[in-house]
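Peer 1: 3D model of this:
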Amino acid sequence: MTSRSISYPAGPPSVNPELIKPSKSYAEEAAKATNAIVLFVMAYLGLILVALMLVAVCIVAAIVLVYAIPRIIVFIAGLGLVGFGLLTFFFLIKFVFANKKTDRSEMLEVTEQEQPELFSMVRQLATEIQTQFPKKIYFVADVNAFVFYDSSFWSMFFPVKKNLAIGLGLVQSLNISELKAVIAHEFGHFSQKTMRQGSYIYQFNQVIHNLLYENEGYQGLLQAFANTHGIFAIMANMTVQVVKVIVEIMQNMHGWINKQNLALSREMEFHADTVAASVSGSNNLVSSLRRLEVANVAYQNIIQYYNQVLPKKEQASNAFVDHRYSLQLVAKSNRLSVENGLPIVNGPVMEQLLGQRVMYKDQWASHPSLKDREANLNALNLEAPVNEMPAIELIQNQAELEKYFTDLLYQGVPVENKGVFLDETQVREALEKKITRYDLPEIFAGFYDQRVVSTFDLPEPGSNHPVSDQSVASFFLENGPIPAHIQRTQDAINVLTHIAEGHISIPTFDLDGKRYPNTEASNLVSRLTEELAKSKENLIALDKEAFMNIFSRISEENQSKLIAAYQEMYFGEKELLQKMDKYDEIFNAILPLLRETAGTEELVQAENLIQSNEAELKEELKLRLSEPLAAEILTADQIASLGEFLESSYTYTSVKGNDYFVDQIHALAFALNQLGLIIGEMAFEKRKKSLRIQAELL
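Peer 2: Numbering: from 1, shown residues only. The predicted model follows:
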């Protein structure tokens, strides 16, 4: 790629320097986290003191024993006693010797000579944010960007230069202004003037994690000590028991400390967003966050497809070409426009996709929600110019990088399992089939998405009905968002129910942008339940209105076709969904067996249902597996497992012995799940076919 001069948009006009200082809420959470760490340190130092006293007691006891009974076996026992004290003390200080290194096997270091335009952007940002330029810059494959460094206990006392990793999948999903915003956010985490305290607390949390969970090396040392002599083995066992007590004490404290750190982490995200907005604009960071939501879905689609075809020894030729195409399909599937190869993420469709009615601050979440981040950024009101040029234009040697990282995706695959490269047309057809599988004709504007169409009495062909004043297109545009709103209302009821029952412990929450105390959750559940019932009732009426709006505009011949399509949908779906209900009943009956909590009565019920339905279940499964649809939605391994089930003669329960056979029950549950999946897909295909006919008749 020929080098060119890229214009980097300036940040918002007249940025207030006070803006990028830590907020009051950040300072409050940092103070809470610091206090938690101080309390932990005091408890930890108390344990150190006790451990040192234990070492002293063990040494004195060993000396007294050896002088009192000067024998070899006593001398060995004395050494074991000293080892017990020292190993207990060493457990408490082992983190000093730990060094956490980031795995770089999936990264590629790049230089300024190789990527001058990218380095120029990063250098400009480092200057604007007043932070250090990264020690090194790496490329990675996926839709991600992060700052990292090798850390140890001593990182708290000596400065460590950070490295920057940038995903090619991320770069090709953003414009230049958005890439600048994302990198600025990462730099915001390590702004020297503002984030030392957060970095310090992070390091202390790493120390705690090492003490509690990173004990493989220590266990090896303990095992080597135990293997030296039988007496040492006894002392090693004593050490294990003491360490268990220490770990239990520290774990009890760690949950509380971690809760404080999570709250601080959320504030750090808000602060990093503020820093990024100050140099790149709130608008650019908001649009980058939205685009990355779409790009991540597109990336996961291609990875899932590659894993699906790997057993056939087929592999990707260029993952990034496939990702770009997947991005177009995901945008199309979600009714998003595309410009310069990137989805347009501002507008009512995107708002509908991201919408949640209930928002609350999850005390165990390390990151704020996308909606919370957007609200914070929009409140800053820092608009900046937008450079719509795709950010991938900054990257030199793009083709070579794409090949390198595509090959890297398969580094763990044995040579004998690698085969032919996937043809680009083959990949596109497979991705389109996968991503657009549940797409309905665009004219419906989401009105029929992810739901069963309501039943109503169908008119006779040729019967007279007034033509609606509202056009078909405007009807669907107006009413298209209603089913999604119903689903959001149901989701809101579920969340509020959890709050009312105490499963989500929070003081306040927001519903439709208005704040409520947790005591109002129960009342709001009642209110939303009534709202939901009315919305569903309204949707039934709208389903009939949608049908009649089309029916009254088409010829009698086409009216007959439309009625036939609806009849096939009604009766076909009804038959399939009735079967699903039957298999759900069996699954619910064996659920206590899967959880291994079944009593005699539940065993009898499960046994009766299985005996009376297993033959029919297997016939149905055999029939559905013979259809092409099964091969599209199930993997080869899943089909093979179902084949084994069909050939089996399992005994699931033994009522007389009040017993059941877990492996067989799991095989039955797997068969029920997969059969339900196939039947659900068949029901959708019938609905999709009928609605396509409806669209074609317009």
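Peer 1: Low-confidence bits of the stretch 451-600 of the chain, can you list those?
Peer 2: For the stretch 451-600 of the chain, no stretch has pLDDT under 70.
Peer 1: And the chain, by the same measure?
Peer 2: If you take pLDDT under 70 as the line, the chain has these spans: 1-24, 26-27, 33, 95-100, 150-160, 190-207, 254-261, 361-367, 655-658.
Peer 1: what sits up against stretch 81-95?
Peer 2: 44, 47-48, 51-52, 54-59, 61-62, 65, 153, 207, 210-211, 217-218, 221-222, 225, 232, 235-236, 238-239, 242-243, 246 (CB atoms under 8 Å, 6 or more residues apart in numbering). Every residue, glycine included, has its C-beta placed from N, CA and C.
Peer 1: Next, report how far it is displaced from the centre of its chain.
Peer 2: 40 Å (CA atoms, centre = their mean, to the nearest Å).
Peer 1: go on, stretch 113-126?
Peer 2: 31 Å.
Peer 1: What are the buried residues along it?
Peer 2: Glu114, Gln115, Glu117, Leu118, Phe119, Met121, Val122, Leu125, Ala126 (16 or more other CB atoms under 10 Å).
Peer 1: cool, stretch 540-551 as well?
Peer 2: Going by 16+ other CB under 10 Å, stretch 540-551 has these buried residues: Leu542, Asp543, Lys544, Ala546, Phe547, Met548, Asn549, Ile550, Phe551.
Peer 1: do the same with stretch 306-318
Peer 2: Tyr306, Val309, Leu310, Glu314, Gln315, Ala316, Ser317, Asn318.
Peer 1: what's the closest of the residues you listed to Lys688?
Peer 2: Val309 (24.9 Å; CB to CB).
Peer 1: How much space separates that closest one from Ile303?
Peer 2: 11 Å (CB to CB, to the nearest Å).
Peer 1: One more: Asn494?
Peer 2: Counting by CB to CB, the gap from Asn494 to Ile303 is 30 Å.
Peer 1: likewise Asn296?
Peer 2: Distance from Asn296 to Ile303, by CB to CB: 11 Å.
Peer 1: Likewise for Tyr410?
Peer 2: 12 Å.
Peer 1: okay, now the residue nearest to Gly217 when sequence neighbours are not counted: neighbour count?
Peer 2: Nearest residue to Gly217, sequence neighbours excluded (CB to CB, 6 or more residues apart in numbering): Lys94, at 7.5 Å. Lys94 has 17 neighbours, counted by other CB atoms under 10 Å.
Peer 1: Kindly indicate whether Lys94 is helix, strand or coil.
Peer 2: At Lys94 the chain is in helix, as set by DSSP: H, G, I helix; E, B strand; the rest coil.
Peer 1: Make residue 1 into 233 and carry on from there
Peer 2: Sure, I'll start numbering at 233, so the last one becomes Lys326.
Peer 1: I'd like to know how far it sits from Ile535.
Peer 2: 37 Å.
Peer 1: Next: Leu324.
Peer 2: Leu324 is 42 Å from Ile535, where distance means CB to CB.
Peer 1: What strand or helix carries Ala616?
Peer 2: Here Ala616 is covered by no helix or strand, with elements defined by DSSP states H and E.
Peer 1: wait, doesn't it sit right on Val518?
Peer 2: No - in this structure, Ala616 is not within contact of Val518 by CB atoms under 8 Å, at 11.2 Å.
Peer 1: OK, contacts around the residue lying closest to Arg498 once chain neighbours are set aside?
Peer 2: Spatial nearest neighbour of Arg498, chain neighbours left out: Pro600 (4.9 Å); criterion: CB to CB, 6+ apart. The neighbourhood of Pro600, defined by CB under 8 Å, 6+ apart, consists of Arg498, Glu501, Phe502, Lys593, Asn608.
Peer 1: List buried residues within these.
Peer 2: Buried members of the contacts of Pro600, counted by 16+ other CB under 10 Å: Arg498, Glu501, Phe502, Asn608.
Peer 1: helices or strands up against the helix or strand hosting Asn845?
Peer 2: Assessed by DSSP H and E, Asn845 sits inside helix 832-857. With contacts taken as 3 or more CB pairs under 8 Å, 6 or more residues apart in numbering; DSSP states H and E, helix 832-857 sits against helix 788-826, helix 868-879, strand 885-886, helix 894-928.
Peer 1: which helices and strands sit right next to the lengthiest helix in the chain?
Peer 2: Longest helix of the chain, by residue count under DSSP state H: helix 462-512. Contact partners of helix 462-512 among helices and strands, from 3+ CB pairs under 8 Å, 6+ apart: helix 256-300, helix 304-325, helix 348-361, helix 408-420, helix 428-445, helix 448-460, helix 514-541, helix 602-612.
Peer 1: Adding distance to Ala508 as columns, could you present those in JSON lines?
Peer 2: Shown next, in JSON lines, are the helices and strands packed on helix 462-512 (distance: least, CB to CB, whole Å):
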{"stretch": "helix 256-300", "distance to Ala508": "15"}
{"stretch": "helix 304-325", "distance to Ala508": "39"}
{"stretch": "helix 348-361", "distance to Ala508": "8"}
{"stretch": "helix 408-420", "distance to Ala508": "4"}
{"stretch": "helix 428-445", "distance to Ala508": "16"}
{"stretch": "helix 448-460", "distance to Ala508": "38"}
{"stretch": "helix 514-541", "distance to Ala508": "5"}
{"stretch": "helix 602-612", "distance to Ala508": "9"}
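Peer 1: winner for burial among the ones you listed?
Peer 2: Across the helices and strands packed on helix 462-512, averaging neighbours per residue (mean count of other CB atoms under 10 Å) puts helix 408-420 on top, at a mean of 27.
Peer 1: what angle sits between that helix and helix 462-512?
Peer 2: If you take axes from the mean of the first three to the mean of the last three CA atoms, to 10 degrees, helix 408-420 sits at 140 degrees to helix 462-512.
Peer 1: Alpha carbons of helix 408-420, as PDB, please.
Peer 2: Extracted in PDB, the C-alpha atoms of helix 408-420 (Å, rounded to 0.1, in the frame of the first residue of the first chain):
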ATOM      1  CA  ILE A 408     -10.100   6.900  11.400                       C
ATOM      2  CA  SER A 409     -11.800   9.100  14.000                       C
ATOM      3  CA  GLU A 410     -13.200   6.000  15.800                       C
ATOM      4  CA  LEU A 411      -9.900   4.200  15.900                       C
ATOM      5  CA  LYS A 412      -8.400   7.300  17.400                       C
ATOM      6  CA  ALA A 413     -11.100   7.300  20.100                       C
ATOM      7  CA  VAL A 414     -10.600   3.600  20.900                       C
ATOM      8  CA  ILE A 415      -6.800   4.000  21.300                       C
ATOM      9  CA  ALA A 416      -7.300   7.200  23.300                       C
ATOM     10  CA  HIS A 417      -9.600   5.200  25.700                       C
ATOM     11  CA  GLU A 418      -6.800   2.600  26.200                       C
ATOM     12  CA  PHE A 419      -4.300   5.400  26.900                       C
ATOM     13  CA  GLY A 420      -6.800   7.000  29.300                       C
END
